[in-house]
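S.K.: sequence and predicted structure, then a few things I'm wondering about:
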Amino acid sequence: MADDDSTDIADDDSTNAADDDSTDSADESINTADNDSAGDVFDSLDSDFSSDADADSVVQGCPAAKDPSKDSKTTGNRIDIVFDPDKSDKVTKCEKIVHVQFIQYVADGVVIKKPGDLWSGWKFRDDITTDAGWSIDCLAGETTPDYQQGTGNGNKNGGSGKATMNDTPNIRNFVPNGFYDPDSNKTGTKVFTLNFETYAWCMKGTDCGHWYEGVGWKYTKTWQDQKNSGSGSSTITDSNLASPGADKIAAFDKFNTVHSYKPCS
């Protein structure tokens, strides 16, 4: 999840270009039908900065045929995501391949639709979170949806380069009613989960606005982790997502509207 310089979450200097060295913070991904044009929803854009694809019409589809993110891995609560454009079914030519990361907060099975209710430093995320609880993972002040913000970009433009990013979530006690404790806090949260879908996306070049394949993963922290001073764990749930589903496209459009960002303009 995108590091916030005032959050009380563990951090990794290489996670996001916007990280602050003084933070003790950490950051905080449904497949659609895949054919030659699936996921290419930003060939043209509406005046309200939304995609031409009607989110309600985007349907869940099959996984991608290849696996350009197979080198992605988790260790403890950290994830390293690698996208190889040479192994993608979708990349033709792109000068700037970035990752766009979607995040959803879940406490004991209940989706949190206002992250700012968990911690005031996340209030800015309330405006970009959909009714399904999905939003672009970003920092306050960022106005473009790319997670790297200039670090780890890939390309396929004559030669090629892999797009890379990493994330190390560690939610301390920013959960509803704090973490459960059998002795001192019987009304607290027992399991807190961050769901992520992280997609490669062309930000500049011939493919600009096209979605590529992605990785689904989650971060989980239990009350036992909290009690034992543990950091929780990150797990890849799908290493080969084809393209974002309707709920993710809705979150992408909402971010663009709020920040008046028009891709490829």
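M.R.: Arrived safely, thanks for sending.
S.K.: and the strands in the stretch 151-265 of the chain, which stretches?
M.R.: 154-157, 159-161, 163-167, 191-204, 211-222, 233-241 (DSSP state E, counting those that start in this stretch).
S.K.: where's residue 253 relative to residue 106, distance?
M.R.: Distance, residue 253 to residue 106, using C-beta to C-beta, to the nearest Å: 22 Å. For glycine as for every other residue, the C-beta is placed from the backbone atoms N, C-alpha and C.
S.K.: which one of the two has more residues nearby?
M.R.: Set side by side, residue 253 and residue 106 show more neighbours around residue 253, with 21 against 16, by other C-beta atoms under 10 Å.
S.K.: what about the more buried one, distance to residue 135?
M.R.: Distance from residue 253 to residue 135, by C-beta to C-beta: 12 Å.
S.K.: with residue 147 instead?
M.R.: 12 Å.
S.K.: which of these two has more neighbours?
M.R.: residue 147 (32 against 26).
S.K.: now do the buried residues in the worst-scoring helix or strand of the chain on mean pLDDT.
M.R.: Every helix and strand in the chain was compared by mean pLDDT, DSSP states H and E; the lowest is strand 159-161, with a mean of 92. By 16 or more other C-beta atoms under 10 Å, the buried positions in strand 159-161 come out as residue 160.
S.K.: one more: stretch 177-196?
M.R.: Counting neighbours by 16+ other C-beta under 10 Å, stretch 177-196 gives 178-180, 188-189, 191-196 as buried.
S.K.: next: stretch 86-101.
M.R.: Buried-residue list, stretch 86-101, by 16+ other C-beta under 10 Å: 87-88, 90-91, 94-101.
S.K.: same question for stretch 129-138.
M.R.: Of the residues in stretch 129-138, those buried (16+ other C-beta under 10 Å) are 129-130, 133-138.
S.K.: now, those that are in strands?
M.R.: The members of the buried residues of stretch 129-138 that map onto strands under DSSP state E are 134-136.
S.K.: for the longest helix seen in the chain, packing partners?
M.R.: Identified as the longest helix of the chain according to DSSP state H is helix 246-259. On a contact count with 3 or more C-beta pairs under 8 Å, 6 or more residues apart in numbering; DSSP states H and E, helix 246-259 meets strand 94-107, strand 134-136.
S.K.: okay, now the unreliable bits of the protein?
M.R.: Counting by pLDDT under 70, the chain contains low-confidence ranges at 3-65.
S.K.: center of the chain - which residue?
M.R.: In the chain, the centroid-proximal residue (C-alpha atoms, centre = their mean) is residue 101; its distance is 1.9 Å.
S.K.: who's that one bridged to?
M.R.: residue 198 (DSSP bridges).
S.K.: list the contacts for it?
M.R.: 1-2, 29, 136-137, 147, 165, 167, 196-199 (C-beta atoms under 8 Å, 6 or more residues apart in numbering).
S.K.: okay if I get these as JSON lines plus distance to residue 75?
M.R.: Output for these, formatted as JSON lines (distance: C-beta to C-beta, whole Å):
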{"residue": "1", "distance to residue 75": "17"}
{"residue": "2", "distance to residue 75": "20"}
{"residue": "29", "distance to residue 75": "18"}
{"residue": "136", "distance to residue 75": "25"}
{"residue": "137", "distance to residue 75": "20"}
{"residue": "147", "distance to residue 75": "19"}
{"residue": "165", "distance to residue 75": "15"}
{"residue": "167", "distance to residue 75": "12"}
{"residue": "196", "distance to residue 75": "16"}
{"residue": "197", "distance to residue 75": "20"}
{"residue": "198", "distance to residue 75": "16"}
{"residue": "199", "distance to residue 75": "22"}
